[in-house]
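In: how would this look folded up:
(2 chains)
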2 protein chains.
Amino acid sequence: MRKLSTQDADFEQQLTELLAFETVNDPQLLHTVDDIIAQVRQHGDEVVLHLTQQFDQHPAQSMSELEIAQEDLAKAFASLDDEVKAALSTAAERVSEFHKRQVQETWEYTDALGNRLGQKVTPLDRVGIYVPGGLASYPSSVLMNAIPAKVAGVKDVIMVVPAPKGVLNPLVLAAAHLAQVDRVFTIGGAQAVAALAYGTQSIPQVDKITGPGNKYVAAAKRAVFGQVGIDMIAGPSEVLVYAEGEAADRADWLAIDLLSQAEHDRIAQAIFVTTSAEQLADVETAIDAALAELPKADIARDALRHRGALILVKDRAEGLALINRIAPEHLELSVDTPDDLIDDIRHAGAIFMGRHTPEAIGDYCAGPNHVLPTSGTARFSSPLGVYDFQKKSSLIYCSEAGSKPLAKTADILAQREDLDAHARSARYRYES
Amino acid sequence: MRKLSTQDADFEQQLTELLAFETVNDPQLLHTVDDIIAQVRQHGDEVVLHLTQQFDQHPAQSMSELEIAQEDLAKAFASLDDEVKAALSTAAERVSEFHKRQVQETWEYTDALGNRLGQKVTPLDRVGIYVPGGLASYPSSVLMNAIPAKVAGVKDVIMVVPAPKGVLNPLVLAAAHLAQVDRVFTIGGAQAVAALAYGTQSIPQVDKITGPGNKYVAAAKRAVFGQVGIDMIAGPSEVLVYAEGEAADRADWLAIDLLSQAEHDRIAQAIFVTTSAEQLADVETAIDAALAELPKADIARDALRHRGALILVKDRAEGLALINRIAPEHLELSVDTPDDLIDDIRHAGAIFMGRHTPEAIGDYCAGPNHVLPTSGTARFSSPLGVYDFQKKSSLIYCSEAGSKPLAKTADILAQREDLDAHARSARYRYES
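Out: I've put the predicted structure just below:
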């Protein structure tokens, strides 16, 4: 595992290499995705079925076999053992509770001239949520995508999830039931994104597509952006754990938190930043010890080797600068008083404060969303939220008297922009 | 100008044709844009200067000549005549006043277990605003892009505006001064977007790019999305004016409002929808009369011929359905009691209510933003706003006691997702 220090002469270059990751820049992949989208637009169901048979080895012989009935979702939930049923329900409730606080309301005010101005908030009509299949088919992802949409008031939530060889995690279906997903199709890849964006005979056209996926899904989302809304282009998952070698830190806890990121996949990124050289060494040792017991040690080891790092910083100021530079998806602050750091942290998807808040709690049931901006995009984007499923329309209602001074101002500016019809349209109002 | 009625047998098909518009689907254009971006990434300033000389026929011989000094912005403002200075200042003040109400604040609550959960709101560090040059170089666009960024608290607002042959509208510079833009570069096209997204020796790298542009700009924004944030992919501007033939309607007002959209460019879209066949005919006549006096009649005539329409609907219900189907960028409700319609309007960028609220007032000085979702994207997106320049980080701070039940839930779910390190990471917290 890479060990860096901000004191290294080539630290800047090493950091740049560590963080380098570009999604979707392979021309061959882009071409394949564009082609799939064009085919789905033209031929609809037929192509979606064919590609699902081909890529997912799905045994379905007709599109109708690719839809899961509501009663099957309910059955999947009913058949869970009580412990899991309770855990999933707790998670759903907490996610719902947190997201309700994100709901935006319509507002309006009247200005000094007597004109009414405001912002009307409306849910989207219909959204598609992409849930990865195979290895990473997570019931928690269903909750994290569908619940904010439902809290926003979206009437139709259409879920797609690929089912390789026709096999699906029943917990994914149970979660869809719990989150009140309206329809579920077992399709995935660029073909699922295209089907949602343009609609087919069987699959309804949606207004926005959210949720992470592999590089084909990411490329397809970028390609259909504009036709529909999308949440973000997801890259590999990352965590940055920050500590200062305080007495209360435990190396085994820090190690397992880093590994809980690294076990996701071979390109996941786990970075440990500390002000203490001794703690850095301890955590390295603890990681090795923990790896020995980890079922997914092979994946985690690969991820740590290629994209992991242990970074020594001089002091808290350097640590904070590094955090803001990296803008991590997940940030754990393993310090006695994390509140002291918060004001100086400008960029992070989610901030896990203190030693009793491991990322794993946030992944499942703390309440905030686990779909978060990756690859430094926390510089400009936010966790998935209710705001992704609501949109705004401006409201402007001028009174006859209140309109006149504004019309005069508009007339003057329109003339300077050489827009004569604009100017006249304004003039009609104040000359009337 | 096209005349349609919902009673026409082929109405659905005609409507689809009317609304058909796809931005950026020309492979040649995409290739050109990708190539420009790659060149700018690799060679920086040198390529930006070269392309600006080539595409804009700009006489600059060095990059430094492509930056406008702050004192030149101040001079441009100072040299305006008083009437224009006052109009621009009124507009800026009203835009600022409206947008202040969009500011989102950090919030936090403590759950029943004693865990703190919240959402931290942070402004973006640095943004780029694209202001079209040439024909459509509008001071109002500077205000509408820069003011929300400044209200959000963005420290560095970098403006780019192409200056064909080195010529710039001095009002654009004056507006940049008024809106407290931090730096202005006279560059445009895909090269300006690439320079902002990746940075060059002279041009600072930004976190997000907003503002409309031509098809090259739109394609470049799509291509750099992910590297930086973008607001939306802008299409041609549109208005839908709705009326019901009430006595207070004036055909000349309705006509000039439609023309104020049509004069923008040859692909602008102006649609009139009415429940009254008589009014439809009156408005058609009034358009012809107004065109005779319009300096930009040639552009407006072209726009109306190719993309305009007068549509007769049976009743208000049909009118509302049509509005929601079209999801217009600008919607004017020329009716006695527009409040009666608002609840049923789900999709529109901005809604201009009543007869004294022409779009022109909103374009300049009502307060709400004039950068609005086009081409039906109001189904899923919002006017440009302060929320485009702020982003959120989730906050999770579990107490030692409050962490335990959540850790237990996370453990159960992580085991079902086969994520052993997640499960252990959670278990460490509740077994401690």
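In: how many neighbours does the closest residue to chain B within the stretch 101-250 of chain A have?
Out: The stretch 101-250 of chain A approaches chain B most closely through residue A:229 (3.6 Å), counting by CB to the nearest CB. Heads up, the C-betas are built off the backbone N, CA and C, glycines and all. Residue A:229 has 25 neighbouring residues, counting by other CB atoms under 10 Å in any protein chain shown.
In: spit out the contact partners of the residue nearest to residue A:399 when sequence neighbours are not counted.
Out: Closest residue in space to residue A:399, ignoring its immediate chain neighbours: residue A:114 at 4.4 Å, by CB to CB, 6 or more residues apart in numbering or on different chains. Taking CB atoms under 8 Å, 6 or more residues apart in numbering or on different chains as the criterion, residue A:114 is in contact with A:399, A:401-402.
In: could you list which residues are in contact with the residue nearest the centre of chain A?
Out: Nearest to the geometric centre of chain A sits residue A:371, at 3.2 Å (CA atoms, centre = their mean). Applying CB under 8 Å, 6+ apart to residue A:371 gives the contacts A:141, A:144-145, A:210-212, A:231, A:234, A:383-384.
In: residue A:115 now?
Out: Residues in contact with residue A:115 (CB under 8 Å, 6+ apart) are A:396-399, A:402-403, A:406, B:366.
In: quickly find the element holding the residue of the stretch 51-200 of chain A found nearest chain B.
Out: Chain B sits closest to residue A:87 of the stretch 51-200 of chain A, with a gap of 4.1 Å, by CB to the nearest CB. Using DSSP states H and E, residue A:87 falls within helix A:82-100.
In: immediately after that helix, which helix or strand?
Out: Moving toward the C-terminus from helix A:82-100, the next helix or strand (DSSP H and E) is strand A:107-110.
In: ok so, going back, mind pulling up the pLDDT for the residue nearest to the centre of chain A?
Out: Model confidence at residue A:371, given as pLDDT, is 94.
In: could you check how far the nearest residue to residue A:277 once chain neighbours are set aside is from chain B?
Out: Nearest residue to residue A:277 in three dimensions, chain neighbours excluded: residue A:312, at 5.7 Å (CB to CB, 6+ apart). Residue A:312 sits 23 Å away from chain B, going by CB to the nearest CB, to the nearest Å.
In: neighbours around residue A:312, how many?
Out: Using other CB under 10 Å, the number of residues around residue A:312 comes to 22.
In: surely it meets residue A:11?
Out: No - shown here, residue A:312 and residue A:11 do not form a contact pair, counting by CB atoms under 8 Å, at 9.9 Å.
In: which stretches of the stretch 151-300 of chain A form helices?
Out: Counting by DSSP state H, counting those that start in this stretch, one finds helices in the stretch 151-300 of chain A at the ranges A:170-178, A:189-198, A:215-224, A:251-262, A:277-291, A:297-307.
In: got a list of what residue A:289 touches?
Out: By CB under 8 Å, 6+ apart, the contact set of residue A:289 is A:252, A:255.
In: and the pLDDT for it?
Out: 97.
In: Three-state assignment for residue A:117, please.
Out: For residue A:117, the assignment made with DSSP: H, G, I helix; E, B strand; the rest coil gives strand.
In: any idea what it is bridged to?
Out: Note on residue A:117: beta-bridge partners by DSSP bridges are residue A:109, residue A:396.
In: hang on, it packs against residue A:399?
Out: No - look at residue A:117 against residue A:399 with CB under 8 Å: they stay out of range, at 11.6 Å.
In: more neighbours: these two, which one.
Out: Taking neighbours as other CB under 10 Å, residue A:117 and residue A:399 compare with residue A:117 leading, 22 against 16.
In: picking up where we left off before, out of the contacts of residue A:115, list just those in strands.
Out: Secondary structure from DSSP state E places A:396-397 of the contacts of residue A:115 in strands.
In: now the contacts of residue A:115 as a markdown table including distance to residue B:104 and pLDDT?
Out: Shown next, in a markdown table, are the contacts of residue A:115 (distance: CB to CB, whole Å; pLDDT from 0 to 100):
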| residue | distance to residue B:104 | pLDDT |
| --- | --- | --- |
| A:396 | 22 | 98 |
| A:397 | 24 | 98 |
| A:398 | 27 | 98 |
| A:399 | 30 | 97 |
| A:402 | 28 | 97 |
| A:403 | 30 | 97 |
| A:406 | 27 | 97 |
| B:366 | 22 | 97 |
